[in-house]
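Asks: Only the shape, not the letters, is given here:
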């Protein structure tokens, strides 16, 4: 006798540990006596088209579980589908609940960030309205680390580890030459600068770290930027700068928009970003005549499973597992959250929090953690972030390359 079937999906931008959360849901559901564990192909958008799989057909043994933990990106596929309000399109909700009822789904889990938690909020609220017994739980995921009411999010630690590691290598490379140069490294982050701030973690006994760090929480001023770089050039040959892709000028425009005629906007109203470092490198070359280079990490920072944080991958699994336990215990309309107990020794517990207080909220870097007139971050930030990058988990290597588990389209 099973206690009901499960539906799980992944949404939004992938991470290097999102599949560890998926495994946490799958394994805990099976161990707890749930029936079939269905996986949505391409999130809620795929479910509306009745595209789903039985995960037991793909995760068949402990080796598959360990392999999937180490596989980056979204195993089930992802989407950026904005669920309409039930008032505007009730037929969408009728269809979704019809599919879930047909499959005898009692527990629904969505692994994602801000927009995914909005989906959980709308579905769980509608379930209460129609007296559905399906329980809806959000599993946090985002390298942006901007979900509210949680200490941090799965995916952030590994992205921060990649960023700090790559920054050390870039700084080492830049310091090789005797000629003046400026290297600008673009890091993801639309409105929250958690990822860009992680560049400061490269500061260690064998590395000075970046010279400047620009976060989207502070207004970017071109004139001040030039003066900062000119001042640094008097002190050192190679200048390295970390900049968020989402930095804006005082008029509210993204700096990267200066190089674009048309900017794509997705269904959530998010403008496509990218090119900030390339633009600023050209800008410096034109204004102060220095050799400058722009480097864009782009998707590398969210899919580098060869440099994953062991702590991050373990916590991602825990978030998925504890979501299942919470749902079985009767919770719905909640998201799993992390509560930090201490930094040293590092310790945390999981809780659940009302999804209505999380969806569509955005946690940014605290103002007191942004220093040097908006061009660096404090020791308090480093004490917060450094424990999240600790530990390594090597991928399974075959013929010299990482082996991944995937669904053949």
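Replies: Perfect, I can see it now. Just so you know, these numbers come straight off a predicted model, no measurement behind them.
Asks: now the stretch 251-400 of the chain, which segments are flagged as low pLDDT?
Replies: Counting by pLDDT under 70, the stretch 251-400 of the chain has low-confidence residues at 258-272.
Asks: ranges for the helices of it?
Replies: For the stretch 251-400 of the chain, the helices defined by DSSP state H, counting those that start in this stretch occupy 276-288, 300-303, 310-328, 379-385.
Asks: Can you say which of the ones you listed is packed in most?
Replies: helix 310-328 (a mean of 24; mean count of other Cβ atoms under 10 Å). In this view, the C-beta of every residue, glycine as well, is placed from N, C-alpha and C.
Asks: Now find how far off-centre that helix is within its chain.
Replies: A distance of 16 Å separates the centroid of the chain from that of helix 310-328, by Cα atoms, centre = their mean, to the nearest Å.
Asks: Same check on stretch 231-247?
Replies: 25 Å.
Asks: Tell me which residues of that stretch come out buried.
Replies: Neighbour counts using 16 or more other Cβ atoms under 10 Å place 232-233, 238-247 of stretch 231-247 among the buried residues.
Asks: what does stretch 213-227 give?
Replies: Judged by neighbour count (16+ other Cβ under 10 Å), stretch 213-227 contains these buried residues: 213-218, 220, 225.
Asks: Mind putting the helices of the stretch 251-400 of the chain into JSON lines with distance to residue 15?
Replies: Listed next are these as JSON lines, based on distance: least, Cβ to Cβ, whole Å:
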{"stretch": "helix 276-288", "distance to residue 15": "22"}
{"stretch": "helix 300-303", "distance to residue 15": "5"}
{"stretch": "helix 310-328", "distance to residue 15": "8"}
{"stretch": "helix 379-385", "distance to residue 15": "16"}
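Asks: Select, out of those, the one closest to residue 160.
Replies: helix 379-385 (5.8 Å; Cβ to Cβ).
Asks: What is the closest one packed up against?
Replies: On a contact count with 3 or more Cβ pairs under 8 Å, 6 or more residues apart in numbering; DSSP states H and E, helix 379-385 meets helix 194-197.
Asks: Tell me the helices and strands packed up against the helix it packs on.
Replies: helix 156-174, strand 212-214, strand 238-244, helix 379-385.
Asks: Run the chain-centre distance for it.
Replies: On Cα atoms, centre = their mean, the centre of helix 194-197 falls 11 Å from the chain's centre.
Asks: which outside residues touch that helix?
Replies: Residues from elsewhere that reach helix 194-197 (Cβ atoms under 8 Å, 6 or more residues apart in numbering): 143-146, 156, 159-160, 163, 187-189, 213-216, 242-244, 301, 365, 369, 377, 381, 385.
Asks: what's the burial count for residue 176?
Replies: Residue 176 has 9 neighbours, counted by other Cβ atoms under 10 Å.
Asks: Just the pLDDT for it.
Replies: With respect to pLDDT, residue 176 scores 92.
Asks: Using the three-state scheme, assign it.
Replies: The three-state assignment at residue 176 reads coil, by DSSP: H, G, I helix; E, B strand; the rest coil.
Asks: now it: how far from residue 169?
Replies: Here the criterion is Cβ to Cβ, to the nearest Å. By it, residue 176 lies 11 Å from residue 169.
Asks: Quickly list what residue 54 is bridged to.
Replies: Assessed by DSSP bridges, residue 54 has beta-bridge partners residue 38.
Asks: Make sure residue 295 is actually in contact with residue 187.
Replies: No. Checked against Cβ atoms under 8 Å, the pair residue 295 and residue 187 is beyond contact range at 9.7 Å.
Asks: More neighbours: the two, which one.
Replies: When residue 295 is set against residue 187 and neighbours are counted by other Cβ under 10 Å, the residue ahead is residue 187, at 31 against 18.
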